[in-house]
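>>> When you get a sec, could you give me coordinates for this:
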Amino acid sequence: MRYLRRVNDSRFRALPAVEALVGPDAPGAPARVLRVEAARLVLGEARAAMTANENCTAPSADELTRSASERARKLAEPLQSRVINATGVVLHTNLGRAPLSEPARRAIAQAASGYLSLEYDVPEGRRSHRALGVEAWLTRLTGAEAALAVNNGAAALLLVVSALAQGRKVVVSRGELVEIGGSFRLPEILKKAGATLVEVGTTNRTRLDDYRRALTPEVALILKVHPSNFRLVGFAERPEREELAELARESGVSFVEDVGSGALFDTRTIGVEHEPTVLESLNGGADLVTFSADKLLGGPQAGLVVGRRDRIAALKRDPLARALRIDKLTVAALEATLAAYVDLESAREQIPALALLAAPADAIQAQAERLRDALLSTKHGLVATVVPQASEVGGGALPGASLPTFAVALEAKGRSAAVLERLLRLGRPPIIARIQDDRVLLDARTLLMEDPAEIARIVGEVLAVEA
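Numbering: from 1, shown residues only. Okay, the predicted model is just below:
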């Protein structure tokens, strides 16, 4: 009956046709396909509002035309846009994790500007292999016999299991059956790679004998997974990696460790808690080590594998290796990022993620004070106060660890924290902040040097429009 009332409702006959809102082609106007999509969207929204409320009348043709025109312009804009990270989470997964260094950005621009020797040996004048520079830097920095790069950390693990354990079994502690971002679970990755999972131990305690009893002839590898998204404390036990490596050698199976965050150095040297490093895993006897490039390494999204030459060769022969390979822009950015690690002090300065993590409290406080002063100069009735806070590393690295920081607590007269946060989020570029105690917090740890002035400009613009 509701549908019949809608068909006979004269209000809907007042809505114009789609073509009436599309309009003719004109210089500078969005493409026709976007104008048609926008017209259908605004008409659909008008019909939905009128259906939900019998007292709602049809918008005027002029109003609908303006709405469709504005919607078409928004559809023409990229969905991906630069944002200002004021959350305090340095490796924010939803905001692209590690920001790239200037050398990495230059390398991307150069690679994108024309042709490049991606799979071509220039001195020899013949075809070569992709990402040889990346592999050379990985072996140089870690001491591994060989290396390989694929498109993300989960892909690295998928390839390892597919190449070394397809049709066979993989032994994993129950306390390491983690779920990573996007609801992907380790057991599902193993299943997709064609392996059978053998769970050993319990959630909180797994002993070496648990692994030993599970090592039947059908087992291909022991997998140790760093639980980077959570921390197990209290009544807990895990065998040392050296013990697992020795057991694997005695049993003739591979030992693989996924260290997740990809630290190439002792993170205590930049003032944060210790995170297992790639070198520690290799020195502890792992045949292969997998990790991400866009976390503590500070590079682009990629999954990296280092370790024994024969194991890496098996990975490269697997058909999945081509499906999971990295593109030319990632190759360029990754090689430039790794090259910075030839000098660790230089890496801490060049790679933004490391610089933000290592920033001392007094420098962060000074940045917060600059932001506060810039915001107060906008003269929009703002209350801005510098307050001590705690930041997070993010990206699944160092769960539970907090970094001392300073934030600007922002309040605007006549606007709730939720309204103010939304206004900042809709700025150009968007400012991504957090709310605490009914105040918007702008955390200075994740702000770049030029951000305070830009934030003040954006705040002034959005408050002026809403005044």
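
>>> who touches stretch 143-151?
The list of residues contacting stretch 143-151 from outside it, by C-beta atoms under 8 Å, 6 or more residues apart in numbering, reads 131, 134-135, 138-139, 156, 159, 279, 282, 289, 293, 301-309, 311-313, 315-316, 321, 324-327, 330-331, 334. Bear in mind the C-beta positions are built from the backbone N, C-alpha and C, glycine included.

>>> Which ones among these lie within strands?
Judged by DSSP state E, the subset of the contacts of stretch 143-151 located in strands is 289, 303-307.

>>> Among the contacts of stretch 143-151, the buried ones, what's the PyMOL command?
In PyMOL, this line selects whichever of these come out buried by 16 or more other C-beta atoms under 10 Å:
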select buried, resi 131+134+135+138+139+156+159+279+282+289+293+301+302+303+304+305+306+307+308+311+312+315+321+324+325+326+330+331+334
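
>>> rewinding a little: so which pair among the ones in strands among the contacts of stretch 143-151 is furthest apart in space?
Gly303 and Gly307 (13.5 Å; C-beta to C-beta).

>>> contacting residues for the nearest residue to Pro16 once chain neighbours are set aside?
Nearest non-adjacent residue to Pro16, counting by C-beta to C-beta, 6 or more residues apart in numbering: Ala61, 5.1 Å away. The contact partners of Ala61, by C-beta under 8 Å, 6+ apart, come to 16, 20-21.

>>> What's the ChimeraX line that selects buried ones from those residues?
Selection of buried members from the contacts of Ala61 for ChimeraX, criterion 16+ other C-beta under 10 Å:
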select :16,21
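
>>> Out of the contacts of Ala61, which comes closest to Leu118?
Closest approach between the contacts of Ala61 and Leu118, by C-beta to C-beta: Leu21, at 46.0 Å.

>>> need the contact list for the closest residue to the closest one other than its chain neighbours.
Counting by C-beta to C-beta, 6+ apart, Leu21 lies nearest to Ala39, which is 3.8 Å off, once chain neighbours are set aside. Residues near Ala39 by C-beta under 8 Å, 6+ apart: 18-19, 21-22, 68.

>>> which secondary structure element contains Ala39?
Element membership of Ala39 [criterion: DSSP states H and E] is helix 32-52.

>>> With Ser162 instead?
Judged by DSSP H and E, Ser162 forms part of helix 153-165.

>>> Can I take it that Phe265 is in a helix?
No - according to DSSP: H, G, I helix; E, B strand; the rest coil, Phe265 belongs to no helix; its state is coil.

>>> which residues sit in contact with it?
With C-beta under 8 Å, 6+ apart, Phe265 has these contacts: 277, 341, 344, 347.

>>> Roughly how far does it sit from Glu392?
20 Å (C-beta to C-beta, to the nearest Å).

>>> same check, this time on Leu221
Using C-beta to C-beta, Leu221 is found at 33 Å from Glu392.

>>> and if you look at Leu158?
Taking C-beta to C-beta, one finds Leu158 at 28 Å from Glu392.

>>> ditto for Glu45
According to C-beta to C-beta, Glu45 and Glu392 sit 38 Å apart.

>>> Compare those two (neighbour count), which wins?
Glu392 (22 against 14; other C-beta atoms under 10 Å).

>>> can you pull the pLDDT of the closest residue to that one other than its chain neighbours?
Computed as C-beta to C-beta, 6+ apart, the closest residue to Glu392 that is not its neighbour in sequence is Val89, at 4.8 Å. Val89 carries a pLDDT score of 93 in this model.

>>> related to what we said a few turns ago, among the contacts of Phe265, which ones are in helices?
344, 347 (DSSP state H).

>>> Quick one, which of the contacts of Phe265 are buried?
277, 341, 347.

>>> Let's see the pLDDT reported for the residue nearest to the last one when sequence neighbours are not counted.
Spatial nearest neighbour of Ala347, chain neighbours left out: Ala340 (4.4 Å); criterion: C-beta to C-beta, 6+ apart. What the model reports for Ala340 is a pLDDT of 96.

>>> residues touching Ala340, list them.
101, 103, 346-347, 350-351.

>>> One more: Ala366?
Applying C-beta under 8 Å, 6+ apart, no residues qualify as near Ala366.

>>> So what's the gap between stretch 99-107 and the chain middle?
16 Å (C-alpha atoms, centre = their mean, to the nearest Å).

>>> How about residues contacting it?
108, 298-300, 332-337, 339-340, 350-353, 448.

>>> Just the buried positions in it, please.
Buried residues in stretch 99-107, counted by 16+ other C-beta under 10 Å: 99-101, 103-104, 107.

>>> And stretch 411-420, by the same measure?
411-412, 415, 417, 420.

>>> Let's see that stretch as CSV, backbone CA atoms only.
Provided in CSV are the C-alpha atoms of stretch 411-420 (Å, rounded to 0.1, in the frame of the first residue of the first chain):
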residue,chain,number,x,y,z
GLU,A,411,37.0,24.1,22.3
ALA,A,412,34.8,26.4,20.3
LYS,A,413,32.0,28.5,21.7
GLY,A,414,28.6,27.1,20.9
ARG,A,415,29.9,23.9,19.3
SER,A,416,30.2,20.5,20.9
ALA,A,417,33.4,18.5,20.5
ALA,A,418,31.7,16.2,18.1
VAL,A,419,30.6,19.1,15.9
LEU,A,420,34.1,20.7,16.0
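
>>> mind showing which ranges of the protein have poor pLDDT?
The model of the chain has pLDDT under 70 over residues 1-8, 180-183, 228-234, 400, 466-467.

>>> Now do the domain split for it, please.
In terms of domains, the chain is parsed into 2-76, 84-93+356-466, 100-350 (source: automatic domain parsing).

>>> so how far does the last one reach from one end to the other?
Across its full length, domain 100-350 reaches 9 Å between end residues, using C-alpha to C-alpha, to the nearest Å.

>>> And stretch 114-132, by the same measure?
First residue to last in stretch 114-132 (C-alpha to C-alpha) measures 20 Å.

>>> And it, what's buried?
Applying a neighbour-count criterion of 16+ other C-beta under 10 Å, one finds 130-131 buried in stretch 114-132.

>>> Also stretch 211-227?
Quick answer for stretch 211-227 (16+ other C-beta under 10 Å): 211, 214-215, 219-227.

>>> From the opening residue of it to its closing one, how far?
Stretch 211-227: ends 18 Å apart by C-alpha to C-alpha.

>>> let's number from 18 now, not from 1
Happy to do that; since the first residue is 18 now, the last one works out to stretch 228-244.

>>> from the chain's centre, how far out does that stretch sit?
In terms of C-alpha atoms, centre = their mean, the centre of stretch 228-244 is found 30 Å from the chain centre.

>>> same thing with stretch 266-280?
Computed by C-alpha atoms, centre = their mean, the chain-centroid distance of stretch 266-280 equals 24 Å.

>>> same question, stretch 326-339
26 Å.

>>> next one: stretch 403-411
Relative to its parent chain, stretch 403-411 has a centroid offset of 19 Å by C-alpha atoms, centre = their mean.

>>> Identify all contacting residues around that stretch.
105-110, 114, 289, 313, 374, 382, 385-386, 389, 418-426, 458, 460, 462-463.
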